[in-house]
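[1] Can you look at this prediction? I've put the sequence above it.
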Amino acid sequence: MARIWAADGRDLALCARRLPALEKLRDELLTAHPDRTILVRELDVTDHVAVDRVFTEVAAELGGLDRVVANAGLLSRASVGAGNAENNRVVAETNFLGVLHQAEAALTLFRAAGAGHLVLVSSVAGLRGMGGRMNVYSATKAAVATLAEGIASDLWHSPINVTAILPGYIETDMVAGVPQVKWMVDLKTGSEALVAAMEREPVRAYVPRRLWGVMSWPMRLLPLAIVRRMSGF
């Protein structure tokens, strides 16, 4: 997504725990687009003090933020009660509290500026409860989608837009160890679809749109026994 937005003329602030990977991406983007401003910051989104500080810093350096994409997420190693309690807690803290921290920081800036677009990345896995490694992950993604909708309702008559993005499987490192992957798209296709959805600034968007816009209905309405077979659990 950063490559697409840099090519489109956007200045960027990129935040993640793995600073060397960010610095490598920044150098790549500046080589291709030397007129862009690309900031990078090491950031763990579970640290709300650090989130507030970093968001304030990059907003000051860039002269404000037009859009914030809260896209940090982890996948569990096992289901609840299967000897993986600490990892499941980390997943829950990262996927939900980490998103909440980013929403708080972003909306503080947007409310002061009187404009902005907040994007919270949920998942189609959040449409129903999933088993196995998806157990806690799907629960957190359901919470993210509900949070986004509630914030959008709060800001309905304001110039601040809020979007929940619900992607299906996209070919990234995170899903490399998931055995029951269905209807996965490659990274380029997924990234382009994500950016296109965010640029429309809807309240909710499924990605890729044609597939999951249709599949979201049976996912929500069918009995759990059928959904389990569809999802591979």
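    Noted; the coordinates are in hand.
[2] could you pull out the helices for this protein?
    Assignment of helices within the chain using DSSP state H yields the ranges 2-7, 19-32, 48-62, 85-92, 98-113, 134-154, 187-200, 209-221, 224-231.
[3] among the ones you listed, which is nearest Gly168?
    helix 209-221 (5.1 Å; Cβ to Cβ). Any C-beta I mention is one placed from the backbone N, CA and C, and that applies to glycine too.
[4] What is the burial count for the residue lying closest to Val195 once chain neighbours are set aside?
    The shortest distance from Val195 to any non-neighbouring residue, by Cβ to Cβ, 6 or more residues apart in numbering, is to Ile4 (4.9 Å). Ile4 has 15 neighbours, counted by other Cβ atoms under 10 Å.
[5] For Ile4, give its distance to His33.
    11 Å (Cβ to Cβ, to the nearest Å).
[6] How about Arg133?
    38 Å.
[7] neighbour count winner among those two?
    Remark: of Arg133 and His33, Arg133 carries more neighbours, 21 against 18, as counted by other Cβ under 10 Å.
[8] Now do the buried residues in stretch 45-58.
    In terms of neighbour count (16 or more other Cβ atoms under 10 Å), stretch 45-58 has its buried residues at Val45, Thr46, Ala50, Val51, Asp52, Val54, Phe55, Val58.
[9] What mean pLDDT does that stretch get?
    Averaging pLDDT along stretch 45-58 yields 98.
[10] Then stretch 7-17?
    97.
[11] buried ones in it?
    Asp11, Leu12, Ala13, Leu14, Cys15, Ala16.
[12] The longest strand along the chain vs helix 134-154, what angle?
    Taking DSSP state E as the criterion, the chain has its longest strand at strand 160-167. Strand 160-167 and helix 134-154 are oriented at 160 degrees to each other (axes from the mean of the first three to the mean of the last three Cα atoms, to 10 degrees).
[13] Give me the contact list for strand 160-167.
    107, 110-111, 114-124, 126-127, 141, 144-145, 148-149, 151-152, 155, 190, 193-194, 197-198, 201-208, 212, 216 (Cβ atoms under 8 Å, 6 or more residues apart in numbering).
[14] And stretch 59-68, by the same measure?
    So stretch 59-68 is contacted by 11, 13, 37, 39, 55, 58, 102, 105-106, 109-110, 113, 115-119, 198 (Cβ under 8 Å, 6+ apart).
[15] May I have the distance across it, first residue to last?
    Stretch 59-68 stretches 10 Å from its first residue to its last (Cα to Cα, to the nearest Å).
[16] show me where pLDDT drops low in this protein?
    Low-confidence regions of the chain, defined by pLDDT under 70, span residues 174-182, 209, 211-222, 224, 227-233.
[17] Which residues in stretch 104-120 does the neighbour count mark as buried?
    Here stretch 104-120 shows Ala105, Ala106, Leu107, Leu109, Phe110, Gly116, His117, Leu118, Val119, Leu120 as buried, counting by 16+ other Cβ under 10 Å.
[18] next one: stretch 156-169
    Per 16+ other Cβ under 10 Å, stretch 156-169 contains these buried residues: Ile160, Asn161, Val162, Thr163, Ala164, Ile165, Leu166, Pro167, Gly168, Tyr169.
[19] roughly how far apart are the first one and Pro223?
    For Ile160, the distance to Pro223 under the criterion Cβ to Cβ works out to 39 Å.
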